[in-house]
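Trainee: Need a 3D model of the following:
(one chain, ligands or ions: 3)
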Amino acid sequence: MLKVYNQEELSPAAIEQLVLRNTDPNNAISDTVYSIIEDVKSSGDKALRAYASKFDQVDLEQVYLGKDEIEELASTISRDQQRALEIAFQNIHRFHSTQLKRERVTETMPGVKCWREARPIERVGLYIPGGSAVLPSTLLMLGVPARIAGCKEIVVCSPPQKSGKINGFVAYCLILLKIDRIYLVGGAQAIAAMAFGTETVPKVDKIFGPGNQFVTKAKSIIQGQTNVSIDMPAGPSEVLVIADDTANPAYIAADLLAQAEHGPDSQAVLVSTSSELIAQVNQELSKQVSLLPRQEIASAALANSYAILATDLRAAMDFSNTYAPEHLIIESDAWQSITSLILNAGSVFLGHLTPESAGDYASGTNHTLPTSGYAKSYSGVSVDSFIKKITFQQISQEGLQQIGSVVEILAELEGLHGHKNAVSIRKADL
Ligand SMILES: NC(=O)c1ccc[n+]([C@@H]2O[C@H](COP(=O)([O-])OP(=O)(O)OC[C@H]3O[C@@H](n4cnc5c(N)ncnc54)[C@H](O)[C@@H]3O)[C@@H](O)[C@H]2O)c1
Ligand SMILES: N[C@H](CO)Cc1c[nH]c[nH+]1
Ligand SMILES: [Zn+2]
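Mentor: Numbering: from 1, shown residues only. Ligands and ions are numbered 1, 2, ... in the order given. Model prediction:
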């Protein structure tokens, strides 16, 4: 099922081409998204209602649900389901709580003290995907670090379901996070609404969350049009598995399919040192895909996926670093010997018993991760994503004596005498 390439036969240029994904070559996505953004800017809530009708087939009277409706919807889910969401919430909370650290004051010269303090981003917007699958887990992945960081206002958008509401699982997560309103807006229009504000959707300072290509493109476009920032490009899900002949082909096929079932534009890549293992994984894929309710979606994603035959684990890791996967799984007894070679990856899953879906839901790490090669330069969402770190300095009399002449000389060599004078005027009073 997976097309197989021999790594040794691929030129560096061919590899660069192979690892490109979701590039929108004819600007089809981008043209659509620009026009949606303009519509939301000019028509506000009216445009949001029209897009809900067009894309989600729902006629909305009101573009949000409040506390009472959220509580009513949350009460429809079973105690076991509530308990699973609570455990995921606790594990995500435990892992993310360790990320808030106070930094020490440094004295760079006697009497010159410098330090950084964290402050929460005040107004944040969270996008929760809800097109082909509703992802309450994403609400936990974004809401928990936002709460730990201390963000004052949390705006949540998600596409309305056919009922014109949200599902009970998303509602229960809102309750766990103490958020009492959700905006029923999906796609690029949700990103535009949070970036520019409408009559009812508040404008935020930073937008977070994964989504399909329309959502991801909208996030990149609004950055250039406003002072609203984004977490990262977190588009269609992807996984790269590095495996050798110690791996279990059934486990690998299951891991590849777990990401392939997200959407037809997802990608699942196997890089293996064993051609026999690749053949076995292909057999397993044919068997397992037919058992999935989302068989068609997963098959479309597999058609857009491939396997690479590598000479050894080091070469396999070279390919992975060029690909920069959102998720990297290493299924080999020798996983410990290659983790130090990982340069680019969103989140890593080690050994035979660490399914990627554990990280999607409940191990505690964040599942909002960079895709399409952006793991070369972005990290996944964490508490850091929801704070700014402000630098402070305080200079004493001794400090001004120490640093004064350095600043005066540097200001003079740049020809900026006003800068020099701000020091000299103080030095004269010492
Ligand atoms: N990278 C990550 O961290 C991460 C995490 C979770 C999910 N994901 C990805 O998120 C994506 C979720 O996608 P989804 O589609 O299920 O939900 P979504 O909520 O991202 O998008 C649904 C919305 O897209 C809009 N839309 C659909 N077709 C359109 C069209 N032709 N033109 C304009 N707008 C259109 C509609 O408004 C619809 O409400 C998947 O690709 C999944 O792999 C990524
Ligand atoms: N694999 C997705 C990130 O790419 C996250 C997710 C949510 N639910 C299931 N999976
Ligand atoms: Zn997933």
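
Trainee: what are the bridge partners for Tyr183, then?
Mentor: Tyr64, Cys157 (DSSP bridges).

Trainee: Against Glu356, how distant is it?
Mentor: Tyr183 sits at a distance of 30 Å from Glu356 (criterion: Cβ to Cβ, to the nearest Å). Where C-beta positions appear, they are placed from N, C-alpha and C, glycine not excepted.

Trainee: Spatially, which residue comes closest to the residue of the stretch 151-300 of the chain found nearest ligand 2, not counting chain neighbours?
Mentor: In the stretch 151-300 of the chain, the residue that lies nearest ligand 2 is Ser237 (3.3 Å; Cβ to the nearest ligand atom). In space, and not counting its chain neighbours, Ser237 is closest to His262: 4.1 Å by Cβ to Cβ, 6 or more residues apart in numbering.

Trainee: on that earlier part again, test my guess that the residue of the stretch 151-300 of the chain closest to ligand 2 contacts Thr371.
Mentor: Yes. At 7.0 Å, Ser237 counts as touching Thr371 under the criterion of Cβ atoms under 8 Å.

Trainee: Residues that sit against both of those two, list them.
Mentor: Glu326 (Cβ atoms under 8 Å, 6 or more residues apart in numbering).

Trainee: if we can go back for a sec, could you look up the SS state of the residue nearest to Ser237?
Mentor: coil (DSSP: H, G, I helix; E, B strand; the rest coil).

Trainee: At which residues are the strands of the stretch 1-150 of the chain located?
Mentor: Using DSSP state E, counting those that start in this stretch, the strands assigned to the stretch 1-150 of the chain run over residues 3-6, 64-65, 106-109, 112-120, 123-127.

Trainee: Val105 and Thr98: what is the separation?
Mentor: Distance from Val105 to Thr98, by Cβ to Cβ: 22 Å.

Trainee: do you know how far the residue nearest to Ser237 is from Ala234?
Mentor: Taking Cβ to Cβ, one finds His262 at 12 Å from Ala234.

Trainee: quick one, which of those two is more surrounded?
Mentor: Ala234 (29 against 25; other Cβ atoms under 10 Å).

Trainee: Let me see the confidence value for that one.
Mentor: pLDDT, Ala234: 95.

Trainee: Is His327 in contact with Ala258, as I believe?
Mentor: No. Counting by Cβ under 8 Å, His327 stays clear of Ala258, with 9.3 Å between them.

Trainee: neighbour count winner among the two?
Mentor: Neighbour comparison, His327 and Ala258: the larger count goes to His327, with 26 against 21 (by other Cβ under 10 Å).

Trainee: so who does the more buried one touch?
Mentor: Taking Cβ under 8 Å, 6+ apart as the test, what His327 contacts is 237-240, 259, 345-349, 356, 359, 369.

Trainee: Apply 7 Å and report the result again.
Mentor: Contacts of His327 were listed using Cβ atoms under 7 Å, 6 or more residues apart in numbering, and they are 238-239, 259, 346-347, 349, 356.

Trainee: what's the answer for Val170, then?
Mentor: 128, 134, 136, 139, 158.

Trainee: Now Val4. Nearest residue, chain neighbours left out?
Mentor: Nearest to Val4 is Ala307, by Cβ to Cβ, 6+ apart, at 4.7 Å.

Trainee: Tell me the first helix or strand C-terminal of the one helix or strand that neighbour maps to.
Mentor: Taking DSSP states H and E as the definition, Ala307 sits inside strand 306-309. Where DSSP H and E defines the elements, the next helix or strand beyond strand 306-309 is helix 313-323.

Trainee: so how far is that following helix from its chain's centroid?
Mentor: 22 Å (Cα atoms, centre = their mean, to the nearest Å).

Trainee: and for the longest helix belonging to the chain, what are the contacting residues?
Mentor: Identified as the longest helix of the chain according to DSSP state H is helix 79-97. Residues from elsewhere that reach helix 79-97, judged by Cβ under 7 Å, 6+ apart: 136-137, 140-141, 144-145, 148, 169, 172-173, 176, 361-365, 382-383.

Trainee: so which of these are also by ligand 2?
Mentor: Counting by Cβ under 6 Å from any ligand atom, Ser137 from the contacts of helix 79-97 sit close to ligand 2.
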